[in-house]
Structures are given as structure tokens and as C-alpha cells.
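**Student:** predicted model, plus sequence, below.
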Amino acid sequence: MDILDILKQDYQRFPKDQTYSVYAKDVYFKDPLNEFRGVERFKKMIQFIDTFFINPQMDLHDIQRQEDTIHYTWTLSWNTPLPWKPRISIPGRTELKLSDSDTITSHVDYWNCSRLDVVKQHFVKKTR
């Protein structure tokens, strides 16, 4: 199966049943909150999302491959386990670097909002 097809399927069922075998053992990961190496640590981060957040969802908007790099845009959303269960939304993009065997060696996420914007969503009532 093509790496793009695997990623599309993973994001449809995120954070459940992710295909960690497409990641290098020492994959580099970075986002606005984390920076580390290792697929085991990456698994733990995804398990945290699955355990702590309510109704996590990853909407994949666009995915493209250019040689050894995959770019995609997405929106991550969830309800926070506070009494009022606010729905939080982070729009962003990801850049993956691939080895010659199409194994992901680097996964860097960029948010299209600040960390403060995310915190504010917990306390600001959204209008529809």
C-alpha cells in the first residue's frame, strides 16, 4: 500500500489504530509543545490524546508528496474534559521526511494559531 493511502486511512480513524510501522524507530518529532526522537514516544503522545481528550478528530484537508517530502494540512479538534467540555480546534500543517524505503524519519507539525489561542478556546464562548 502506498504511504499516502496509509496516512489517509490513519487520519480517518485517528487516534485509534495508527500505522506506527511506517515510522523510523528513531523518528524525529516536533510540534509547538513537544520535540523528541523515537516512535515509542510518538505512540505515547497519540495514546495520551486518545485517553485524555474527548472525541478527538483529525480532519485531513490536503495531502501531497514531492519526492522525499509529504506535506498535508489538517484540523485537530477535541472536547476538553472540563465541566463545560469546550470544543477545541487547531488548524495546522505537517511536513514528513521519508527515507529511500518510504519510512518516515521526520514529522514536524506547524499550528496556524498560537498556543495562547488554544488556551483561550477553553474559556471563550464560541458563536455559531
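**Tutor:** Ah, there it is.
**Student:** verify the stated contact: Y11 with W74.
**Tutor:** Yes - between Y11 and W74 there is a contact at 7.0 Å, judged by CB atoms under 8 Å. C-betas here are computed from N, CA, C, even on glycine.
**Student:** overlap of the contact sets of those two?
**Tutor:** By CB atoms under 8 Å, 6 or more residues apart in numbering, Y11 and W74 have these common neighbours: M58, D59, L60.
**Student:** please flag which of these sit within strands.
**Tutor:** M58, D59, L60 (DSSP state E).
**Student:** okay, and the beta partners of the last one?
**Tutor:** The bridge-partner assignment for L60, based on DSSP bridges, gives W74.
**Student:** contacts only, for it.
**Tutor:** L60 sits in contact with L7, K8, Y11, Q12, Y72, T73, W74, where contact means CB under 8 Å, 6+ apart.
**Student:** perfect, that will be all.
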